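Colleague: generate coordinates for the sequence data below:
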Amino acid sequence: MALLEISGLLLGILAIVFGVFVLIFPKLLKYLVGFYFILTGILAVISAI
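Modeller: Down below sits the predicted model:
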């Protein structure tokens, strides 16, 4: 259960950071979204194991 809490906190922080980056550098959006989806998928697989 602690991993889910850490991953939720991590994803929330990443969402805020990525949101700021998108506002500053709009062309980075596709890379940030891709990285966010990959990280979310990895955390979901790890928490399912």
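Colleague: what's the longest helix belonging to the chain packed up against?
Modeller: Using DSSP state H, we find that the single longest helix of the chain is helix 2-24. In terms of contacts (3 or more C-beta pairs under 8 Å, 6 or more residues apart in numbering; DSSP states H and E), helix 2-24 is packed against helix 29-48. C-beta: built from backbone N, CA, C; applies to glycine.
Colleague: and the helix it packs on with helix 2-24, angle?
Modeller: Interaxial angle of helix 29-48 relative to helix 2-24 (axes from the mean of the first three to the mean of the last three C-alpha atoms, to 10 degrees): 180 degrees.
Colleague: pLDDT averaged over helix 29-48 - what is it?
Modeller: Averaged across helix 29-48, the pLDDT comes to 82.
Colleague: ok, residue 28 - contacts?
Modeller: 21-22 (C-beta atoms under 8 Å, 6 or more residues apart in numbering).
Colleague: that one and residue 9, how far apart?
Modeller: Distance, residue 28 to residue 9, using C-beta to C-beta, to the nearest Å: 23 Å.
Colleague: the longest helix of the chain: how far from the chain's middle?
Modeller: 5 Å (C-alpha atoms, centre = their mean, to the nearest Å).
Colleague: what of stretch 24-42?
Modeller: On C-alpha atoms, centre = their mean, the centre of stretch 24-42 falls 8 Å from the chain's centre.
Colleague: just the CA coordinates of that stretch, formatted as PDB?
Modeller: Output of stretch 24-42 as PDB, limited to C-alpha atoms (Å, rounded to 0.1, in the frame of the first residue of the first chain):
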ATOM      1  CA  ILE A  24       6.900  27.600 -20.700                       C
ATOM      2  CA  PHE A  25       7.800  25.300 -23.700                       C
ATOM      3  CA  PRO A  26       4.600  24.300 -25.500                       C
ATOM      4  CA  LYS A  27       6.600  22.200 -28.100                       C
ATOM      5  CA  LEU A  28       7.700  19.800 -25.300                       C
ATOM      6  CA  LEU A  29       4.100  18.700 -24.800                       C
ATOM      7  CA  LYS A  30       4.400  15.500 -26.900                       C
ATOM      8  CA  TYR A  31       7.600  14.400 -25.100                       C
ATOM      9  CA  LEU A  32       6.300  15.100 -21.700                       C
ATOM     10  CA  VAL A  33       3.000  13.300 -22.300                       C
ATOM     11  CA  GLY A  34       4.800  10.300 -23.700                       C
ATOM     12  CA  PHE A  35       7.200  10.200 -20.700                       C
ATOM     13  CA  TYR A  36       4.200  10.600 -18.300                       C
ATOM     14  CA  PHE A  37       2.400   7.700 -19.800                       C
ATOM     15  CA  ILE A  38       5.400   5.500 -19.800                       C
ATOM     16  CA  LEU A  39       6.100   6.300 -16.100                       C
ATOM     17  CA  THR A  40       2.500   5.700 -15.200                       C
ATOM     18  CA  GLY A  41       2.500   2.400 -17.000                       C
ATOM     19  CA  ILE A  42       5.700   1.300 -15.200                       C
END
